[in-house]
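Q: build the 3D model from these lines:
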Amino acid sequence: GPMTNFSASTTLSSDGAERLSGDFSLGLDPVAPERQVFSADLGGDLTPLFAPEYRDFFGTDLSLTANGYALKDVVALENMALTSKALSVQGKVTLQDGWPSLIAVEGQLGHSDGRPVLLPVAGAGTRIGSALFQLTHDEAISPDWSLAASLTDFQSPDLRLPETQLRGSGQIIDTRIEGA
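A: Residues are numbered from 1 along each chain as shown. As a prediction, the model looks like this:
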């Protein structure tokens, strides 16, 4: 059966120093006991675990908060926020039968003083001045999804883009055969 009341605190340490700590909980919703609810609140300084050149991306105060629920064939991340020195992402996502029925995620990337951000990606020296992005889908309205992103001062060893607008769209359609 479902877990009724679980909570835990966790700590990640390296070299004798605490790097990340936080709390998790999982239980039944007191208002709607058929729903399994969950939450997480983690934060800390992970910079010693990354290559020195990426420390300015992560910063000394990385945080993740999330809460949501599971009910029958639905899993919903009702509220999520991930924040580092150079990145902020927030949003919500709902999956029904493993397919996205709601996506509302937005974020920004960049330093407040305008300095370029070295991205923690494979390859040599990919940087960006700033970026804003938004990904949306609401099955209750239509099967359409959309992605909008604007980037400034993208630089990699092979490509330079002073200003870029990216747009994407499509449809999310469950193509599984009933009863198969």
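
Q: give me the pLDDT value at residue 177.
A: Looking at residue 177, its pLDDT is 62.

Q: number the chain from 49, please
A: Yes, from this point I'll number from 49; that puts the last item at residue 225.

Q: so for the helix or strand containing residue 74, mean pLDDT?
A: Taking DSSP states H and E as the definition, residue 74 sits inside strand 65-76. Here strand 65-76 scores 95 as its mean pLDDT.

Q: check the offset of that strand from the chain's centre.
A: Its chain's C-alpha centre and that of strand 65-76 lie 17 Å apart, by CA atoms, centre = their mean, to the nearest Å.

Q: next: stretch 62-82.
A: Mean C-alpha position of stretch 62-82 versus that of the full chain (CA atoms, centre = their mean) differs by 17 Å.

Q: list the helices and strands the helix or strand following the strand holding residue 74 packs on?
A: Next helix or strand after strand 65-76 toward the C-terminus (DSSP H and E): strand 84-92. Helices and strands touching strand 84-92, by 3 or more CB pairs under 8 Å, 6 or more residues apart in numbering; DSSP states H and E, are strand 65-76, strand 110-119. All C-beta atoms are positioned from the backbone trio N, CA, C, and that covers glycine.

Q: one step back: direction included, what does the strand holding residue 74 pair up with?
A: strand 53-62 (antiparallel), strand 84-92 (antiparallel) (DSSP bridges).
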